[in-house]
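> give me a model of this one.
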Amino acid sequence: MAKITVEKPDDKWLEEKGVRSWPIWEKEVSTFPWFYNSTEKCFILEGRVRVEPDDGGEAVEFGPGDFVTFEEGLGCTWKISKPVRKHYTFE
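Okay, the predicted model is just below:
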């Protein structure tokens, strides 16, 4: 079962990982299905999101300041309640 993890990193950690140099993705309020073919790591700059795993796992909510990892193989539904803006990378 693929997982979603949420962390609260400090600025030093973000700098060491080069997170602020990653591309930015933006999306309006919406609901859509998604499947992760590879692991995504992202840092939320703005917005509010609830992600519900397709396998019935526990839904996860996150917002500004959260560092979120979506494991490869995760099928889910994104529910964006406030427009989201995030740095992201795929592994």
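
> what sits against Thr69?
3-5, 7, 39-41 (C-beta atoms under 8 Å, 6 or more residues apart in numbering). No exception for glycine: its C-beta is placed from N, CA and C like everyone else's.

> buried subset of the residues you listed as a PyMOL selection?
Selecting the buried subset of the contacts of Thr69 in PyMOL, with 16 or more other C-beta atoms under 10 Å as the burial test, is done by:
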select buried, resi 4+40+41
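
> Trp22: which of the contacts of Thr69 is nearest?
Closest to Trp22 out of the contacts of Thr69 is Lys41 (8.4 Å), distances taken as C-beta to C-beta.

> is that closest one in contact with Glu71, as I believe?
No: between Lys41 and Glu71 there is no contact under C-beta atoms under 8 Å: 10.2 Å.

> for stretch 6-22, measure first residue to last.
Start to finish, the residues bounding stretch 6-22 are 18 Å apart (C-alpha to C-alpha, to the nearest Å).

> in it, what counts as buried?
Result for stretch 6-22 [16+ other C-beta under 10 Å]: buried residues 17, 19, 22.

> just give the closest residue to the second one, not the sequence neighbours.
Which is Val19. Phe43 (4.9 Å; C-beta to C-beta, 6 or more residues apart in numbering).
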